[in-house]
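> structure for this input, please:
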Amino acid sequence: MTKRSGPGPRPSKGRPEGSTTDQRLLDSRGDGGWVHTDTWRVLKIQAEFVEGFNDLAELGPAISVFGSARIPATHPAYDIGVRVGAALAKAGFAVITGGGPGAMEAANKGAMEAGGESVGLGIELPWEARLNDYVGFGLNFRYFFVRKMMFVKYSQGYIVLPGGLGTLDELFEAMTLAQTLKITQFPIVLMGVEHWQGLLDWMQGSMLEDARIKQSDLDMLTLTDDVDEAVALMVAARERHA
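Next comes the predicted model:
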């Protein structure tokens, strides 16, 4: 596999400044002309699915690593990301990230420097124009939902580093899909006890206590600071499904 530009992001003639393809798709304001425009957008969406499926079909066992794009290389979570990426690569996994800076860059760096497959699935955003320098093979997507499908479809597990809203989005989507049996349940590891403990305490003390979730939902998650433990869980899951 080689690094290349995918379906986006590309400058678009006539694009409103600061807008994205997703924003224009989801904005239903204005006259009825959007109905006809959206009919043609279906073909662009289809093209992104086809290209993603085609390019990732032979990737092999892979783990997605999520985390904040905003952490600097001096942040402790960056070092953890590098070690996670390296350990996954040495265990025979490809490493998939969102292709951006911060924790994503760290995991890609660890995988690449360990001689593993380093994949970045980028997204068109007003403030992120390119994949990080440690992506060995990259695709850029216009549509968030297409990109999220690729993470789920081609990953055997998730390792989630400290992050913000995007990281929480990926985490809870995976939990929801597993809870509703839309996907085969796979291991989800939260790396960083200090960062994640408060969230788990709230889920247990509020959501579980009020019977809005079950203990089995919380049991999907493993909280740890130990990179070896995180990777061992991924290896064990791979062996169970071999």
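> and the contacts of stretch 197-204?
The contact list for stretch 197-204, computed with Cβ atoms under 8 Å, 6 or more residues apart in numbering, reads 190, 213, 218, 221, 223. All C-beta atoms are positioned from the backbone trio N, CA, C, and that covers glycine.
> so which of the residues you listed are in helices?
Here DSSP state H is the test, and the contacts of stretch 197-204 give Leu218 as lying in helices.
> any low-confidence regions in this structure?
Flagging of the chain using pLDDT under 70 yields the residue ranges 1-37, 128-129.
> how many residues are close by Val212?
Just to correct that, residue 212 is Arg rather than Val. 10 (other Cβ atoms under 10 Å).
> same thing with Lys44?
Around Lys44 there are 15 residues (other Cβ under 10 Å).
> in three-state terms, how would it be classified?
helix (DSSP: H, G, I helix; E, B strand; the rest coil).
> with just CA atoms, put stretch 55-67 into PDB.
The C-alpha trace of stretch 55-67 is given here as PDB (Å, rounded to 0.1, in the frame of the first residue of the first chain):
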ATOM      1  CA  ASP A  55      -8.600  -0.200  -0.700                       C
ATOM      2  CA  LEU A  56      -9.000  -1.700   2.800                       C
ATOM      3  CA  ALA A  57     -10.300  -5.200   1.800                       C
ATOM      4  CA  GLU A  58      -6.900  -6.900   2.200                       C
ATOM      5  CA  LEU A  59      -5.600  -4.900   5.200                       C
ATOM      6  CA  GLY A  60      -5.500  -7.900   7.500                       C
ATOM      7  CA  PRO A  61      -6.000  -7.800  11.300                       C
ATOM      8  CA  ALA A  62      -6.200  -4.200  12.400                       C
ATOM      9  CA  ILE A  63      -6.900  -2.100  15.600                       C
ATOM     10  CA  SER A  64      -8.200   1.400  15.500                       C
ATOM     11  CA  VAL A  65      -6.600   3.900  17.900                       C
ATOM     12  CA  PHE A  66      -8.500   7.000  18.800                       C
ATOM     13  CA  GLY A  67      -7.500  10.100  20.800                       C
END
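> change the start of the numbering to 51 and stick with it
Sure, I'll start counting at 51 from here, so that last one is stretch 105-117.
> buried ones in that stretch, by neighbour count?
For stretch 105-117, burial by neighbour count (16 or more other Cβ atoms under 10 Å) applies to 105-106, 109, 111-117.
> those residues in strands, which ones?
Residues of those located in strands (DSSP state E): 112-116.
> which one among those residues gets closest to Ala123?
Val115 (16.0 Å; Cβ to Cβ).
> the residue nearest to the closest one when sequence neighbours are not counted is in what secondary structure piece?
With sequence-adjacent residues excluded and distances taken as Cβ to Cβ, 6 or more residues apart in numbering, Val115 is closest to Ala157, at 3.9 Å. Applying DSSP states H and E as the criterion places Ala157 in helix 153-163.
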